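Visitor: model the following, please.
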Amino acid sequence: MTMGRDNRDALVLQARAALVMAALRRSIVTYKELGLAIGLKDIELRNEMPRVLEQLANDCHNAKEPPMTALVVNSQSGAPGAGWHGNGEPWHTDVQRVFRHWANRS
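Guide: Predicted coordinates for the structure are as follows:
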């Protein structure tokens, strides 16, 4: 099952808010934790989370912000999933850039 554009836009906004809070706390979150925060679980989590994170990554890029999707990791590996593209820098570098960016905006 796929979501309509309006529903996905709402999920992206919710994910952004949750990740801003994580950045302000200097913490990372798992895909499952983010899914729970925005109301996705089970099949919806697997199907929709990649689309939500892709749209959020594009939004960050367009706003010239560091990719806050770097804060979302697999619970077992502690690293981002296969869909993580970053900006050509090591993942942990992007995590620190996100932390600094949001610390400077608070």
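Visitor: hang on, Thr28 packs against Leu34?
Guide: To be clear, residue 28 is Ile; Thr isn't right here. No. With contact defined as CB atoms under 8 Å, Ile28 does not reach Leu34; the gap is 10.0 Å. (Glycine included, C-beta is placed from N, CA and C.)
Visitor: out of those two, which sits in the more crowded spot?
Guide: Counted by other CB atoms under 10 Å, Ile28 and Leu34 do not tie: Leu34 has more neighbours, with 24 against 20.
Visitor: Lys64 belongs to a strand?
Guide: No. Lys64 is assigned coil when assessed by DSSP: H, G, I helix; E, B strand; the rest coil, not a strand.
Visitor: may I have the phi/psi pair for it?
Guide: Lys64 adopts backbone torsions of phi 60, psi 40, taken as degrees, to the nearest 10.
Visitor: neighbours around it, how many?
Guide: A total of 6 residues lie near Lys64 under the criterion other CB under 10 Å.
Visitor: got it, and Trp102?
Guide: 21.
Visitor: tell me the contacts of the most centrally placed residue in the chain?
Guide: By CA atoms, centre = their mean, the mean C-alpha position of the chain lies nearest to Thr69, the distance being 3.1 Å. Contacts for Thr69 were tallied using CB atoms under 8 Å, 6 or more residues apart in numbering; they are 19, 53, 56-57, 60, 80, 84.
Visitor: per-residue pLDDT, it?
Guide: Per-residue pLDDT puts Thr69 at 94.
Visitor: same question for the one 3 residues further on.
Guide: Per-residue pLDDT puts Val72 at 96.
Visitor: next, count neighbours for it.
Guide: For Val72, using other CB under 10 Å, the count is 26.
Visitor: and it, backbone torsions?
Guide: Torsion angles, degrees, to the nearest 10, at Val72: phi -100, psi 120.
Visitor: next, show the common contact partners of Ile28 and Leu34.
Guide: Val72.
Visitor: so where's this structure shaky on pLDDT?
Guide: Along the chain, the parts satisfying pLDDT under 70 run over 1-5, 86-87, 106.
Visitor: and with 80 instead?
Guide: The chain contains residues with pLDDT under 80 at 1-6, 82-88, 106.
Visitor: thanks again, I'm all set now.
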